[in-house]
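Student: here are the coordinates; sequence isn't available:
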């Protein structure tokens, strides 16, 4: 890499000598020469590494050049190269911003001075770039740090708070000045704080836990926390705690568990099992009671349609599939009474399958149940048998009892005379029997 040098000199012979000296340098130096202030000002936007300047020049001097250079670029090295600068003036120029000065009688030292100035300026440039990059990263880190919605707390190895983010200040209704120097336990539960600190400091690994804290309104909130060590050269310098308010999440989980429990109880009481059908993948997500109801031997909560259809009674399967997929295609309700065969059994059972579509903004999901109706059907058959037996008994009574009395009364009416009272008595008894049988029939109907 060439060292780009701007040489300000109005003496041609000095310029010629300067160039001849720097050309003998071990490192490459490229020189541009100017003589006026206008030329200097025009050259400053260019990327020169070092400026060499005589002090006494026609119409201006070195102080004018130093002031102009520093107004444009405070970092570029400026070396005065003159035979008229005294020690006192040279020191004063250094205080004003000059980098170095070299007497013309020591011109052989100028290449060394240029190289040293160049290297020192590069160090300063690199340092400045590093500091700017560090500042940029710190600003970015602070922006991210304060933009996070989860509270974050940093402490030293003694548990004293060093800083926190805006979310922490907002959650605890405090400020940086109020937390500085305080203990973590001043804001968070002591037991959880001490336990987590002991683990992180001794094991040098993150610690996950939950804690309950009271906010400014007196409401108990649940914070899911991850505390991690801040390690520097194998030594734990402190901890960083990231907290997330999971109160609503835990309440919903608890409610979900309660709902699932109630659903399981309802399914057990009604001898049913629920499922969710994923049309895109032909997958059924099934409830524990569905697994129990159809006798599946699996610890997974989903089965394929092929497995689902295998439990449908073979003679009912064509109708089931026709109506099932028609309902899915048209996204309408499906309901069918059919038979099914539990896995590992040979006898079929009666059931009712219901499927209902639910459409959200993304896709349609189908929810359904299968309910075992075997006991209900057996009870219905038993009731029908009882009713049939009751009808046969009543019919027999009408034939054997009331029928004979009516026939006898008819004979007495035909004979007339003294047999009429007997006929009336038999008719009254027949009417009584019919009323009794009517009450029995009415009671049976109401009971059914």
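Tutor: Done, it's in. Since the structure is predicted, the reported quantities are computational estimates derived from the model, not experimental observations.

Student: from here on, contacts and neighbour counts on C-alpha atoms
Tutor: Will do.

Student: what's the pLDDT at the nearest residue to residue 287 once chain neighbours are set aside?
Tutor: Spatial nearest neighbour of residue 287, excluding adjacent residues (C-alpha to C-alpha, 6 or more residues apart in numbering): residue 274 at 5.5 Å. Residue 274 is assigned a pLDDT of 94 by the prediction.

Student: that's a helix at residue 323, yeah?
Tutor: Yes: counting by DSSP: H, G, I helix; E, B strand; the rest coil, residue 323 is part of a helix.

Student: Flag the shaky bits of the stretch 251-400 of the chain, pLDDT-wise.
Tutor: Applying pLDDT under 70 to the stretch 251-400 of the chain flags residues 378-400.

Student: the helices in it, which residues?
Tutor: For the stretch 251-400 of the chain, the helices defined by DSSP state H, counting those that start in this stretch occupy 288-294, 305-309, 317-330, 374-397.

Student: what comes up buried for the shortest one?
Tutor: In other words, helix 305-309. By neighbour count on 16 or more other C-alpha atoms under 10 Å, the buried set for helix 305-309 is empty.

Student: starting at the chain centroid, how far to it?
Tutor: The chain centroid and the centroid of helix 305-309 are separated by 34 Å under C-alpha atoms, centre = their mean, to the nearest Å.

Student: just checking, what packs against that helix?
Tutor: Using 3 or more C-alpha pairs under 8 Å, 6 or more residues apart in numbering; DSSP states H and E, the elements in contact with helix 305-309 are strand 283-286.

Student: ok, the residue nearest to residue 287 touching residue 292?
Tutor: No: applying C-alpha atoms under 8 Å, one finds residue 274 not in contact with residue 292, separated by 11.2 Å.

Student: Give me the more crowded residue out of the two.
Tutor: residue 274 (23 against 16; other C-alpha atoms under 10 Å).

Student: partners of the more buried one in the sheet?
Tutor: residue 369 (DSSP bridges).

Student: And it, how far from residue 254?
Tutor: 21 Å (C-alpha to C-alpha, to the nearest Å).

Student: The closest residue to residue 354 other than its chain neighbours - how many residues pack around it?
Tutor: What sits nearest to residue 354 in space, not counting adjacent residues and going by C-alpha to C-alpha, 6+ apart, is residue 335, at 4.4 Å. Residues near residue 335, counting by other C-alpha under 10 Å, number 17.

Student: so who does residue 169 touch?
Tutor: Residue 169 is in contact with 151, 175, 176, counting by C-alpha atoms under 8 Å, 6 or more residues apart in numbering.

Student: I believe it is in a helix; please confirm or correct that.
Tutor: Yes: counting by three-state DSSP, residue 169 is located in a helix.

Student: one step back: of the contacts of residue 169, which is the most crowded?
Tutor: residue 151 (23 neighbours).

Student: what's the distance between the residue nearest to it when sequence neighbours are not counted and residue 273?
Tutor: Nearest non-adjacent residue to residue 151, counting by C-alpha to C-alpha, 6+ apart: residue 168, 4.1 Å away. Distance, residue 168 to residue 273, using C-alpha to C-alpha: 46 Å.
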